[in-house]
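Enquirer: whatever this is, show me its structure:
(2 chains)
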Amino acid sequence: MAFHSVVCIKQVPDTTQVRIDPETGSLVRKGIPSVINPFDLFAVEAALRLRDEHGGTVTALCMGPPQAEEALRKVLGYGVDRAVLVTDRAFAGADTLATTYTLAAAIRKIAGARNDQKAAGNEGGEAGPRDADGEPVDLVFCGKQSIDGDTGQVGPGLARRLGFSQLTYVCSLLQIDPEKRKLRAWRQREDGRELLEADLPVAVTITEACNRIRYASLPDLLAAADKKIDTWRADDLDAERGRLGLKGSPTRVNRIFAPPVRQRGETVGEPGMEPAAVAALLFDRLSERGMKPGVARA
Amino acid sequence: MSAATSRYDAIVVGGGPAGLAAAYTLAKGGASVVCLERGDWSGSKNMMGGLIYSQPTGSVFPEFWREAPLERHVTRRDMWLATGDSAIKLSFETADFAVEPYNSFTVYRSSFDKWLSRQTAAAGALMIRETLVEDLLWDGGRIAGVRTGRPQGDLEADVVIIAEGVNTFLTEKAGLSPCPPRAANVALAVKEVLALPKERIEDRFDLDPGAGAAIEIIGETTGGLPGTGFIYTNRDTISVGVGVLLDSLVDNRAEAYNLLERFKQQSQVRRLIQGAAPREYSAHLIPEGGYSCMPRLYGDGVLVAGDAAGMVNAINSEGANLALLSGKMAAETVLACRERGDFSAAALGRYRLLLEDTVILKDLRKYDNATKFLSTHHHLFGLYPELMAALAREFLTVDQLSKAEKERLLLKLFRSQVPTRRLLKDFYQAWRALT
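Expert: Numbers count the residues shown, from 1 in each chain, chains lettered A, B, ... in the order given. So this is what the prediction gives:
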């Protein structure tokens, strides 16, 4: 049985090059190249592997400015079947509430507006704009979080809005049971891993341990060049204007600041000193600070 | 060949100036072309601290200066003979270079090449990045395509244009290289980019807003090794570097980064870069073997352009312009051959004929012996600048010696360092090599 997956990807500033303006406290974005959120690439790979094993299609979905098309073009090169860009000034300034609202509306349209009519918070439905190529969605994949916002809320938010079950921080996708329509996966916790099972349709967020993005084949890359990227604006979605973008975002950023520079560690002793002498010096230093080093016996 | 294998009129290997000029010209001419670039994007592997010239660049990408990301238009070219603490400076400046079409620009090649690649894609060429071409596909004695490092990575075409840059793995595989790459035929350039506010650059280098300077420095700055130091002004950074023939580095057990440090300590250089914060450090090879080290430029189903073809004029520090022109000529050759459907060596040989008429082969031929001459005459880079500075210092120092006595003293000093016969010989050989 074939599955239809939607992978949400986000274009983010390449954080290896991001600086914070010490005067204004805002991100200096000028001249900073954009990359696909690295965690999203693990999500793309997870969706592609599922498709390669079971058949079906993978649709990539991105909300962002028109130049985010570059990110979609790139994942088409990995072998993604279809790409949808939702872009409109009305979407700008969205927090995770407005983002998930918009993405959920887009996913409903991708699904032909047939998914989960009874889902909690479902604003779409049969009456909404339908996508001619619409096909029910079985899985939604997201990276575990974005490297610029770092909230990790979009995946769970989508699950809630779409009425899907959710599996977060998945570090290993095990198997999908086409008969029972269940997905088994390992979930990363701070203190270990847990093996979980969820009913389809499901929203999954993927960690970096899950896989590694493939080196695309040449035919996939060449084919990607000719593929059309569907571009939808606010009017193309069944969505209320007031719930989009900045208007639909109750979150306000009061201040962004760079954390104070960490003090350099203290060096005890000098190169060439006897280890015993260094140890004695260390003992003294710790004692000076009121620490009482104990002695471990083997 | 599997059905999935795509077929194109032409494959261009390398997305630098030569490859992009070729792909752009081919696409504009209606040919289907794929350009394969190993880097994350065109220019990502580039470190050139040098100039882009308007005329040759504009002949491929018309009026590029209206949109391309450029740093400064260069209105001043300096040549210094320098010792550790002195410099004789020769400077040329003109307002003519400050108006369209300008003459040259400083650029960040990482953004400039990216822009060129966008123009090339917009013209209809298919740009494939992050893809290394590992081998050539043969059909008998004819080159029929390339093998990339990607899964199912074979690609066929009527003709392959090799624009792979200084490391000529494919040119060798194509059997076109005359000699194995040798340290004597390449220079190593190391460069730092230093940040300084725009206005301070303009004050310090005495420039109108937006105008730039290019300084070439011979002498102590390369520790007497055959090579030059350079300083280029960008919008709010300065590029500082040295380029030295690789074999002289090896022979003298010199480290390129030490040379660069020494260069930055030179009194007049230090003053220009004082307080500027380091942003980047990079190094690259430049093919400087000249005309006699050029590969055969064509074969059955293949052409070679740019650095891969050894098209660098080391004397005038020109390379990117020759690359652009040769890429364009290669593409024009392919377009002509496409009409007759003949991509044999005999037909593609037209490329060579086209090049004969350009500055590329004319200049390379003219300076054929120059690199060899310079690499065997180290004292041109050590002794002569030292001597010239000593003469200038002595002549300009006012003390109790009469001018006549000074002249005698200077002549004596000069002769003690350079015997007349050697001077005449150097002069004669330099004349032969450089004219």
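Enquirer: and the residue of chain A nearest chain B?
Expert: A:Ser217 (4.0 Å; C-beta to the nearest C-beta). C-betas here are computed from N, CA, C, even on glycine.
Enquirer: confirm for me that that residue is in contact with A:Gly79.
Expert: Yes - A:Ser217 is within contact range of A:Gly79, at 7.4 Å (criterion: C-beta atoms under 8 Å).
Enquirer: quick one: which of those two has more around it?
Expert: A:Gly79 (21 against 18; other C-beta atoms under 10 Å in any protein chain shown).
Enquirer: now the helix or strand of chain B with the lowest mean pLDDT: buried residues?
Expert: Counting by mean pLDDT, DSSP states H and E, the weakest-scoring helix or strand in chain B turns out to be helix B:370-376, with a mean of 74. Buried residues in helix B:370-376, defined by neighbour count with 16 or more other C-beta atoms under 10 Å in any protein chain shown: B:Ala370, B:Thr371, B:Phe373, B:Leu374, B:Ser375.
Enquirer: what strand or helix carries B:Trp138?
Expert: In this structure, B:Trp138 sits in strand B:133-139 according to DSSP states H and E.
Enquirer: buried stuff in that strand?
Expert: Using 16+ other C-beta under 10 Å as the test for burial, strand B:133-139 gives B:Val133, B:Leu136, B:Leu137.
Enquirer: from chain A, how far off is the second one?
Expert: Computed as C-beta to the nearest C-beta, to the nearest Å, the B:Leu136 to chain A distance reads 15 Å.
Enquirer: now do the same contact list for that residue.
Expert: Counting by C-beta atoms under 8 Å, 6 or more residues apart in numbering or on different chains, B:Leu136 touches B:Ile143, B:Gly145, B:Val146, B:Arg147, B:Val160, B:Leu170, B:Lys173, B:Ala174, B:Val302.
Enquirer: re earlier: which member of the buried residues of helix B:370-376 is positioned nearest chain A?
Expert: Closest approach to chain A among the buried residues of helix B:370-376 (C-beta to the nearest C-beta): B:Thr371, at 37.5 Å.
Enquirer: how about the lengthiest helix in chain A as PDB, C-alpha atoms only?
Expert: Counting by DSSP state H, the longest helix found in chain A is helix A:38-54. Output of helix A:38-54 as PDB, limited to C-alpha atoms (Å, rounded to 0.1, in the frame of the first residue of the first chain):
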ATOM      1  CA  PRO A  38      18.900  21.100   9.000                       C
ATOM      2  CA  PHE A  39      16.400  19.100  11.000                       C
ATOM      3  CA  ASP A  40      13.900  19.300   8.200                       C
ATOM      4  CA  LEU A  41      16.300  17.400   5.900                       C
ATOM      5  CA  PHE A  42      16.100  14.400   8.200                       C
ATOM      6  CA  ALA A  43      12.400  14.700   7.900                       C
ATOM      7  CA  VAL A  44      12.700  14.800   4.100                       C
ATOM      8  CA  GLU A  45      14.900  11.700   4.100                       C
ATOM      9  CA  ALA A  46      12.500   9.800   6.400                       C
ATOM     10  CA  ALA A  47       9.600  10.500   4.100                       C
ATOM     11  CA  LEU A  48      11.600   9.500   1.000                       C
ATOM     12  CA  ARG A  49      12.700   6.200   2.600                       C
ATOM     13  CA  LEU A  50       9.200   5.400   3.500                       C
ATOM     14  CA  ARG A  51       8.100   6.100  -0.100                       C
ATOM     15  CA  ASP A  52      11.000   4.100  -1.600                       C
ATOM     16  CA  GLU A  53      10.000   1.100   0.600                       C
ATOM     17  CA  HIS A  54       6.200   1.300   0.300                       C
END
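Enquirer: quick one: contacts of it?
Expert: Outside of helix A:38-54, the residues within contact range by C-beta under 8 Å, 6+ apart are A:1-3, A:5, A:7-10, A:56-58, A:60, A:75, A:78-81, A:139, A:141-147, A:170, A:173, A:176, A:178, A:204-208, A:210-214.
Enquirer: where does chain B have low pLDDT?
Expert: Confidence mapping of chain B against pLDDT under 70 gives the ranges B:1-6, B:179-181, B:221, B:434-435.
Enquirer: what does it put close to chain A?
Expert: B:4-6, B:34, B:126, B:128, B:131, B:148-155 (C-beta under 8 Å from any C-beta of the partner chain).
Enquirer: tell me which residues touch A:Arg189, please.
Expert: Counting by C-beta under 8 Å, 6+ apart, A:Arg189 touches A:Tyr169.
Enquirer: how close does it get to A:Leu196?
Expert: For A:Arg189, the distance to A:Leu196 equals 11 Å [C-beta to C-beta, to the nearest Å].
Enquirer: hey, what's the closest residue to B:Ile286 other than its chain neighbours bridged with?
Expert: Nearest residue to B:Ile286, sequence neighbours excluded (C-beta to C-beta, 6 or more residues apart in numbering or on different chains): B:Ala187, at 4.6 Å. Beta-bridge partners recorded for B:Ala187 (DSSP bridges): B:Leu245, B:Ile286.
Enquirer: give the burial count for B:Ala187, as a bare number.
Expert: B:Ala187 is flanked by 27 other residues according to other C-beta under 10 Å.
Enquirer: gap between it and B:Asp247?
Expert: The gap separating B:Ala187 from B:Asp247 is 10 Å, by C-beta to C-beta.
Enquirer: pLDDT weak spots in chain A?
Expert: Chain A contains residues with pLDDT under 70 at A:16-18, A:22-27, A:29, A:31, A:113-132, A:293-298.
Enquirer: can I get the CA coordinates of the next helix or strand along the chain from the strand holding B:Trp138 in CSV?
Expert: The C-terminal neighbour of strand B:133-139 among helices and strands, as given by DSSP H and E, is strand B:142-148. Extracted in CSV, the C-alpha atoms of strand B:142-148 (Å, rounded to 0.1, in the frame of the first residue of the first chain):
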residue,chain,number,x,y,z
ARG,B,142,35.6,10.0,-28.8
ILE,B,143,34.6,11.6,-25.6
ALA,B,144,30.9,10.9,-25.2
GLY,B,145,30.0,12.3,-21.8
VAL,B,146,31.0,12.4,-18.1
ARG,B,147,30.7,10.2,-15.0
THR,B,148,29.7,12.2,-11.9
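Enquirer: for strand B:142-148, buried residues please.
Expert: B:Arg142, B:Ile143, B:Ala144, B:Gly145, B:Val146, B:Thr148.
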